[in-house]
Structure formats: C-alpha cells, structure tokens
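Trainee: have a look at this prediction, sequence included:
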Amino acid sequence: MATTILIIFLVVYLGMILGGLPFLQLDRTGVALLGAIALIGIDALSLDEAVAAIDLPTMILLFSFMVISAQMRLGGFYDWVTHRLAGLPLRPAGLLAVLVVITAALSAIFSNDIVCLAVAPVLIEACRRRRLAPLPFLLALAIAANIGSAATLIGNPQNMLIGQTLRLPFGAYFLKALLPVVVGLFISWALIVRQIGGRWKEAGALADGATAPGPQAEEVPFDAWQTIKGLVIAGALLVAFLVAPWPREHMALIGAGILLMSRRLHSRKMLGLVDWELLVLFMSLFVVNHALQRTGMPADAMAYLATAGVRLDEPGSLFLATFLLSNLVSNVPAVMLLLPAVHHEIGGVLLALVSTLAGNLLIVGSIANIIVVDAAARYGIAIDWKNHARVGVPVTLATLAVSGIYLALLF
C-alpha cells in the first residue's frame, strides 16, 4: 500500500510540474483530484479521513476572500481604478510606478490572482488609448501583484495556508514582510524602466501590442454603493485581524455572508466568480499529502537529509528548498510539502516570502503570471518565456537576495 501511495503521489506532482498529464485532458486541478480519488478508491484513506485531512479554516478563509473580491469586481472597482490610473497626467515611467504601487496594495488585500484577472484586460485597453506599448505594463502588473501579495497573510493562497497552519500574528507578519516587499517593488520598477530604455512608444511594440486586433474588454460599470460595501467589509476585516481575538476564518466568513445578502447583486453572479478550481486543487492536495505523511516516508526522507547535513528546519536549507520546489511544482504545492518541516515563526515568514517571490522567476511559477500572459494573448500580445525571464529572473534573484539578507539580520 505504501508503494502504491508513493506512486500516486509522484504522478500527482509530475502533473504539477508539467501542468497536466500526457494524453489526458487534465490540468493541475484535474490531476490532483484524480490522485485524491485514486487514494480513496484503493482504501488508502477512508472518506472520513480524507475529509479530516482538509484544512477547513484555510479553505474557509480562501473562499471568503474570493467572495469579497467578487464583490469588488461586480462593483466595477478594479475597472474604475485602472481607468483612473490610465488617465493620470504622468510620463510613462511615473505611470508605471503608480501601477506597481496600486497593484501591490490591491494584491495584498484582495489576492494577486483576482487583481491580475480583473485589471489585465482593462490595462491593455488603456495602453491602446494612450498609444503605449503594453508589454512593460503587463509585466509590471504580474510582478508587482506577486511581490505585493507577499506583504500579508491574505495576499495569496500559500500565505493563507502558512498563516492558518502556524497561527502567525497578522500584524507581526506584515511588519516583517513590509521592507523586502517595498524594496522588491522598487527594484522591479527600476529594472523595467531601464530595460525599456525610453522606448515606451516603440514602433515594433505598437505593432505587436497596442494596435493588435483583439476583443474589447468587457467593462463593468462603476457602482459606488457596491464598491463601498466591499471596501468597508475588507477594511473591517483587516482591523479585526490586527486586534480581535477571534479566528480569522470565522470573521472572514461572516464578512462574506454579509456581502452575499444583497438586493442588487445576485448570489449566482458572486459565487460564479469564485475560483472553484483552486479550491478543489487545495482540497485534493491536502488529501494526497496526508496519505503520504501517514506512510512515514516524508519523515524518513527528512531524517536522511538531516544525516547528509540538509536540515529543512534550518533557515538556509528551507530557503533553498522553497525556491527550488516553488519553481518546480508551483508555490502552493511546494508550501504544502514543506510546511510539516516548519515549527516556528521564523520559518513561516521565510516560507511565505520565498515561495511568493520565487513565483516571478518563470511564467509557470505563479498563477498570476499565467493569467496575465493568457489575457495578453487574447489581445494579440505575445509574452513568451524570454520576454518574461528578461525581467522575472533578475527581479526574483534581487528580491530573494534582499529577503535573505534581511531575514538573516532580523532573525
């Protein structure tokens, strides 16, 4: 049975690496779900054990903030912000700086994936109207969303999981993560400005991007009341996370429930914007990882690595393992694999920062990157791995170096 469980685990994580399985119409979520089904089917886990393996507080927190983000999308908040940004009387470099700051701030609260999904199409249209090459702005959107999401324990799914599992204090984590995030955002902006070299309206970029045929962005009319409701709930939750003694998932769920009670926005629309695939991916990986943990093989592997001088509970080894695994299997599965080795706040902060910042290295390292690339492709704008890596690789190495030095000095 242990061998069979290991084989299923390896197949699932091969799917995480490849983005699917050969000859089958499965993405990462489908592969993980199939692995969980197989484990239950061979009686490696009972249904009750599979359900118990799922970290329900993390799932509730993730779902709740998806509902809050849906409120902001349906209220036209993201479109309104992007249009206001595009209308600022600034030079392109200044416009890029404002985009980086706003994207990072929104991602720290409303999740980086949601922000990229809502902003990317409107941003492309705004670049067209101002006759600006969209590529540097789209790259800045993805990179700033990833970096900004590292600032809080609700900015991305892996941070939610780390915060809930290790019970990290919300405010204390923010204060520790703020400096490397701010420095990382500045590095990203400076690097993109330097690489563009003043060619904001380069003829080739316009031909490939701003004037390329594509669908018109489906804009959501701005609804001040619905936007204010969402902002009030989000603000109240941030304050509650800082000062209230109650579980974060309970408060977030209450906030989501309040927003669902609307006379104008149908619950079908709000729940239709929830990323159910991501929730299924999380639940499936919880089951797959729990089944492997029960075999004792991960503990044996960690003991073997310790005898070889690699202790994952030490900051240096954890830093390197997080960086490598995040780019091999993506950051959410990597965090799930490494969390059992982390038993203190230092490791939690390190795991959250490194797993998030490492997502900028390659397009496949972060769902936010993939969302921006897919949105660009629908408008005839090609962002290949070379274009992304030209910015993503130096940004990742620089931000990780800053984070590594900062964490070493801090702890």
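Mentor: Done, it's in.
Trainee: make it CA atoms for all contacts and neighbour counts henceforth
Mentor: OK.
Trainee: where does the chain dip in pLDDT?
Mentor: Within the chain, the set of residues satisfying pLDDT under 70 comprises 202-218.
Trainee: spatially central residue in it, please.
Mentor: For the chain, residue 156 is the residue whose C-alpha lies nearest the centre (Cα atoms, centre = their mean; 4.2 Å).
Trainee: for the closest residue in space to it that isn't next to it in sequence, what are its contacts?
Mentor: Closest residue in space to residue 156, ignoring its immediate chain neighbours: residue 111 at 5.1 Å, by Cα to Cα, 6 or more residues apart in numbering. Contacts here follow Cα atoms under 8 Å, 6 or more residues apart in numbering; on that basis residue 111 touches 65, 69, 149, 154-157.
Trainee: please repeat the previous calculation with a cut-off of 7 Å.
Mentor: 149, 154-156 (Cα atoms under 7 Å, 6 or more residues apart in numbering).
Trainee: and residue 328, by the same measure?
Mentor: Contacts of residue 328 by Cα under 7 Å, 6+ apart are residue 17.
Trainee: and the helix or strand hosting it, what's buried?
Mentor: Secondary structure from DSSP states H and E places residue 328 in helix 315-329. Of the residues in helix 315-329, 315, 318-319, 321-329 count as buried by neighbour count, 16 or more other Cα atoms under 10 Å.
Trainee: check which element follows that helix along the chain.
Mentor: Along the chain past helix 315-329, the next helix or strand (assigned with DSSP H and E) turns out to be helix 331-338.
Trainee: so that next one versus helix 315-329, what angle?
Mentor: Counting by axes from the mean of the first three to the mean of the last three Cα atoms, to 10 degrees, helix 331-338 lies at 140 degrees to helix 315-329.
Trainee: put the alpha carbons of helix 331-338 into CSV.
Mentor: The C-alpha coordinates for helix 331-338 follow below in CSV (Å, rounded to 0.1, in the frame of the first residue of the first chain):
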residue,chain,number,x,y,z
ASN,A,331,4.3,27.6,-4.9
VAL,A,332,1.1,26.2,-3.4
PRO,A,333,2.2,22.5,-3.7
ALA,A,334,5.7,23.4,-2.6
VAL,A,335,4.4,25.1,0.6
MET,A,336,2.2,22.0,1.3
LEU,A,337,5.2,19.8,1.0
LEU,A,338,7.5,21.9,3.2
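Trainee: check which helix or strand residue 373 maps to.
Mentor: Mapping residue 373 onto the secondary structure by DSSP H and E places it in helix 367-378.
Trainee: with residue 69 instead?
Mentor: Assigned by DSSP H and E, residue 69 belongs to helix 56-74.
Trainee: against which helices or strands is the following helix or strand past that helix packed?
Mentor: Remark: after helix 56-74, the chain's next helix or strand is helix 77-86, criterion DSSP H and E. Taking 3 or more Cα pairs under 7 Å, 6 or more residues apart in numbering; DSSP states H and E as the contact definition, the neighbouring helices and strands of helix 77-86 are helix 112-129.
Trainee: which residues touch the helix it packs on?
Mentor: The set of residues external to helix 112-129 that reach it, using Cα under 7 Å, 6+ apart, is 69, 73, 78-79, 82-83, 86, 106-107, 133-134, 138, 141-142, 145-146, 149, 155-156, 210-211, 217, 367-368, 371-372, 375.
Trainee: same deal with stretch 156-163?
Mentor: With contacts defined as Cα under 7 Å, 6+ apart, stretch 156-163 is touched by 58, 62, 111-112, 149, 153-154, 331-332, 335, 348, 352.
Trainee: save those residues as JSON lines, and put in distance to residue 50 too.
Mentor: Rendered in JSON lines, the data for these read as follows (distance: Cα to Cα, whole Å):
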{"residue": "58", "distance to residue 50": "16"}
{"residue": "62", "distance to residue 50": "19"}
{"residue": "111", "distance to residue 50": "27"}
{"residue": "112", "distance to residue 50": "29"}
{"residue": "149", "distance to residue 50": "30"}
{"residue": "153", "distance to residue 50": "26"}
{"residue": "154", "distance to residue 50": "25"}
{"residue": "331", "distance to residue 50": "23"}
{"residue": "332", "distance to residue 50": "19"}
{"residue": "335", "distance to residue 50": "19"}
{"residue": "348", "distance to residue 50": "25"}
{"residue": "352", "distance to residue 50": "26"}
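Trainee: and the helices in the stretch 251-400 of the chain, which stretches?
Mentor: Using DSSP state H, counting those that start in this stretch, the helices assigned to the stretch 251-400 of the chain run over residues 267-272, 276-295, 297-307, 315-329, 331-338, 345-357, 367-378, 385-410.
Trainee: deepest of those helices, which one?
Mentor: Ranked by mean neighbour count under mean count of other Cα atoms under 10 Å, the helices of the stretch 251-400 of the chain are led by helix 345-357, which reaches a mean of 25.
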